[in-house]
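Q: I would like to see how this sequence folds:
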Amino acid sequence: MPPQNVSTESVPLPANRGFSRPLAALLRWWLQRQVTQAQALQVSLQGASQVWLSGCLPYIQVSAQNIIYQNMHLQEVALTAQAIRLHLPFLQKKGQPFIEPITVEIQAMITEENLNASLPYIQEALSSYLQEFYSEIGNIQAVTIYLDGIRWLLDDQTQLVTQVHLVTPKELMLRSDDKQIIVDLGTDVQIQELKLQAGSIHLSGDLLIRPAAPTG
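A: Residues are numbered from 1 along each chain as shown. The predicted model follows:
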């Protein structure tokens, strides 16, 4: 199923009353262009009329399914953010909506099918870590998610099983037998909860979104 089409027609800029709907449509139009695919993309706002008075959007909630972002597939994502400084020229489709970093609360589900569709991305991101467990890592052929870990099927038919634990909001631990590796998630991610179920991974936390550098 292809991603839903979002109208690119000019969005009218009404007075305060009823501003939530056109602003939500405008943000949905912009979000659709930040991803390769997003289905059932929904944007909900509260206090949108305050943008005219203060340039600040009090509350936004975004949800989507079957997302592809930078070659990573995700089944479901829900984002919420508060007190967002909106870039007012964006209301006329000029530039981007945010000119300052914003912190969003994120809840996401990633399925086994998502991981297998994202293998080129995962190979690049994790092969150096997995090589600590198996020096001849080669290519990852398939991934299976269990309640207590992940099985990596390699191209030489080796099956590497790693347990996954959240150590700190910024660090994951991969453990195999008596060896463990810490994966640094970077400065922009804080995972508060990570849960593995048979066939899926569920996580929640905070994500810092930085505005793209201006071009031209």
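
Q: CA atoms for contacts and neighbours, from now on please.
A: Noted.

Q: wait, what's in contact with residue 190?
A: 169-170, 205-207 (C-alpha atoms under 8 Å, 6 or more residues apart in numbering).

Q: ok, it to residue 206 distance?
A: In this view, residue 190 and residue 206 are 5 Å apart by C-alpha to C-alpha, to the nearest Å.

Q: pretty sure residue 91 is in a helix, no?
A: Yes - counting by DSSP: H, G, I helix; E, B strand; the rest coil, residue 91 is part of a helix.

Q: give me the distance from stretch 166-175 to the chain's centre.
A: Computed by C-alpha atoms, centre = their mean, to the nearest Å, the chain-centroid distance of stretch 166-175 equals 18 Å.

Q: for that stretch, output the C-alpha coordinates as PDB.
A: Output of stretch 166-175 as PDB, limited to C-alpha atoms (Å, rounded to 0.1, in the frame of the first residue of the first chain):
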ATOM      1  CA  LEU A 166      18.700  -1.100  28.600                       C
ATOM      2  CA  VAL A 167      21.600   0.000  30.800                       C
ATOM      3  CA  THR A 168      21.000   3.800  30.900                       C
ATOM      4  CA  PRO A 169      18.700   5.900  28.800                       C
ATOM      5  CA  LYS A 170      21.600   6.400  26.400                       C
ATOM      6  CA  GLU A 171      23.100   2.900  26.400                       C
ATOM      7  CA  LEU A 172      22.100  -0.600  25.300                       C
ATOM      8  CA  MET A 173      23.900  -3.700  26.300                       C
ATOM      9  CA  LEU A 174      24.300  -6.600  23.900                       C
ATOM     10  CA  ARG A 175      25.200  -9.900  25.700                       C
END
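
Q: buried ones in that stretch?
A: Across stretch 166-175, burial judged by 16 or more other C-alpha atoms under 10 Å covers 166, 169-175.

Q: in the protein, where is pLDDT below threshold?
A: 1-18, 213-216 (pLDDT under 70).

Q: could you pull out the strands for it?
A: For the chain, the strands defined by DSSP state E cover 37-46, 56-69, 72-85, 102-111, 140-145, 150-154, 159-168, 171-176, 179-184, 189-197, 200-209.

Q: and those as JSON lines, adding distance to residue 120?
A: Below are those laid out as JSON lines (distance: least, C-alpha to C-alpha, whole Å):
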{"stretch": "strand 37-46", "distance to residue 120": "17"}
{"stretch": "strand 56-69", "distance to residue 120": "13"}
{"stretch": "strand 72-85", "distance to residue 120": "9"}
{"stretch": "strand 102-111", "distance to residue 120": "16"}
{"stretch": "strand 140-145", "distance to residue 120": "9"}
{"stretch": "strand 150-154", "distance to residue 120": "13"}
{"stretch": "strand 159-168", "distance to residue 120": "18"}
{"stretch": "strand 171-176", "distance to residue 120": "20"}
{"stretch": "strand 179-184", "distance to residue 120": "18"}
{"stretch": "strand 189-197", "distance to residue 120": "21"}
{"stretch": "strand 200-209", "distance to residue 120": "19"}
